[in-house]
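Generate coordinates for the sequence data below:
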Amino acid sequence: MSGRKALVASLAPGLDGDEWVTSAPVRLDELRGRVVVLVFFSAGCEASLLRLREVTAVAGAARGPVTVIGVHSPRL
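Sure, this is the predicted structure:
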């Protein structure tokens, strides 16, 4: 449990990615004050793509600023 407590109120690590498809690379410090949702999906999985669309729709209906970042994790 002490390991989990150490993460509370600490800054998230940076985002490292090889390719950003629909935007320029984003740094988490640029998103401070916003709700950020990371969605991990596999492009070959219909359920993953559906979940990504659902999360994006919910974020669009939110009252405040929400950023959705989809992280492709290919099936091996």
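
buried set for stretch 24-31?
Of the residues in stretch 24-31, none count as buried by neighbour count, 16 or more other C-beta atoms under 10 Å. (Each C-beta comes from the backbone N, C-alpha and C, glycine too.)

Give me the residues contacting that stretch.
Applying C-beta atoms under 8 Å, 6 or more residues apart in numbering, the external contacts of stretch 24-31 come out as L11, A12, G14, L15, G17, W20, V36, T67, I69.

and the third one, that one's in a helix?
Read it as G14. No - applying DSSP: H, G, I helix; E, B strand; the rest coil, one finds G14 to be coil, outside a helix.

Skip the chain neighbours and tell me the closest residue to it.
Distances taken as C-beta to C-beta, 6 or more residues apart in numbering place L28 nearest to G14, at 6.1 Å, with adjacent residues excluded.

before we move on, what SS does the most centrally placed residue in the chain have?
For the chain, the residue sitting closest to the mean C-alpha position, by C-alpha atoms, centre = their mean, is L38 at 1.7 Å. Secondary structure, three-state DSSP: L38 is strand.

what sits against it?
Contacts of L38 (C-beta under 8 Å, 6+ apart): I69, V71.
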